[in-house]
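Q: prediction below, plus the sequence it came from.
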Amino acid sequence: ETGVTQSPTHLIKTRGQQVTLRCSSQSGHNTVSWYQQALGQGPQFIFQYYREEENGRGNFPPRFSGLQFPNYSSELNVNALELDDSALYLCASSLAGSNEQFFGPGTRLTVL
Amino acid sequence: GDSVTQMEGPVTLSEEAFLTINCTYTATGYPSLFWYVQYPGEGLQLLLKATKADDKGSNKGFEATYRKETTSFHLEKGSVQVSDSAVYFCALSDLSGSARQLTFGSGTQLTVLP
């Protein structure tokens, strides 16, 4: 059974640029959630995707957007990067309706 | 909204010491409760969970009991090892619209010295 994978591992961008992060869900999982973890903090929920639609969103601006593909993999896109977007971005997959989420290793984004 | 409050860290213990990390929560519904662990440079791993009041979650010697009357889910281990050094996050899962999202505490850094 393949776990949740994320790419890239690390990324450095400059303010104002755009970035795309990728996630492959665990085998059989049809729901993907994204979280932002700032240094020294707990993860914050960004949004969740199910059946290629966003079905829940945390307190993040519209410049954070996502996609889910028919194979349940997902992308997180962030436009107009700000310095405060520097964080570890975590993807988690689950079965629809389940309260148990399985996390990938994360993508470390640094915005200069 | 939902929230989780964790004991402030960092916590430093000697090997074989007893561990308690306090966690309390606020939720409007009937959440499930979790402890996740994060080792340096890695993502989150589920340590244990409890889905209803008085449930006890346990794994690898760690335990936590869902206490609805005190809205708490304290993590305990009787004898810690150096390999337990990590950051521990308490979290709750509640239904928000049609999405089950996790709400995390700020984490507690545990260092176990040999």
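A: Yep, that arrived. Numbering: from 1, shown residues only, chains lettered A, B, ... in the order given.
Q: is chain B within reach of the one helix or strand residue A:56 maps to?
A: Under DSSP states H and E, the secondary-structure element containing residue A:56 is strand A:53-57. Yes - looking at strand A:53-57 against chain B by C-beta under 8 Å from any C-beta of the partner chain, the contacts come from A:55-57. For every residue, glycine as well, the C-beta is placed using N, CA and C.
Q: for residue A:12, state which of these is nearest.
A: Ranking these by separation from residue A:12, with C-beta to C-beta as the measure, puts residue A:57 on top at 26.9 Å.
Q: and the closest one, how far from residue B:53?
A: Note on residue A:57: its distance to residue B:53, by C-beta to C-beta, to the nearest Å, is 29 Å.
Q: of those two, who's got more company?
A: residue A:57 (18 against 12; other C-beta atoms under 10 Å in any protein chain shown).
Q: contact residues of chain A facing chain B?
A: Contact residues, chain A versus chain B (C-beta under 8 Å from any C-beta): A:4, A:6, A:33, A:35, A:40-45, A:47-48, A:50, A:55-58, A:90, A:92, A:94, A:97-106.
Q: that older thread, immediately after the strand holding residue A:56, which helix or strand?
A: From strand A:53-57 onward toward the C-terminus, using DSSP H and E, the following helix or strand is strand A:64-68.
Q: quick check: angle from the helix or strand just after that following strand to strand A:64-68?
A: On the C-terminal side of strand A:64-68, the nearest following helix or strand under DSSP H and E is strand A:74-78. Here strand A:74-78 runs at an angle of 160 degrees relative to strand A:64-68 (axes from the mean of the first three to the mean of the last three C-alpha atoms, to 10 degrees).
Q: list the buried ones in strand A:74-78?
A: The neighbour-count criterion (16 or more other C-beta atoms under 10 Å in any protein chain shown) identifies A:74-76, A:78 as the buried residues of strand A:74-78.
Q: show me what it is packed against.
A: Other helices and strands packing on strand A:74-78, by 3 or more C-beta pairs under 8 Å, 6 or more residues apart in numbering or on different chains; DSSP states H and E, are strand A:19-24, strand A:31-37, strand A:64-68, strand A:87-94.
Q: residues in contact with it?
A: When contacts are taken as C-beta atoms under 8 Å, 6 or more residues apart in numbering or on different chains, the neighbours of strand A:74-78 outside the stretch itself are A:18-23, A:25, A:32, A:34, A:46, A:49, A:63-68, A:85, A:89, A:91, A:109.
Q: partners of the worst-scoring helix or strand of chain A on mean pLDDT, with directions?
A: Within chain A, judged by mean pLDDT, DSSP states H and E, the helix or strand with the poorest mean is strand A:53-57; its value is a mean of 91. Taking DSSP bridges as the criterion, strand A:53-57 pairs within the sheet with strand A:44-50 (antiparallel).
Q: the inter-axis angle of the strand it pairs with versus strand A:19-24?
A: On the basis of the same axes, to 10 degrees, strand A:44-50 is oriented at 60 degrees to strand A:19-24.
Q: kindly provide the whole-number mean pLDDT of strand A:44-50.
A: The average pLDDT for strand A:44-50 rounds to 95.
Q: hmm, who's touching it?
A: A:30-38, A:54-60, A:64, A:66-68, A:74, A:76, A:96, B:98-104.
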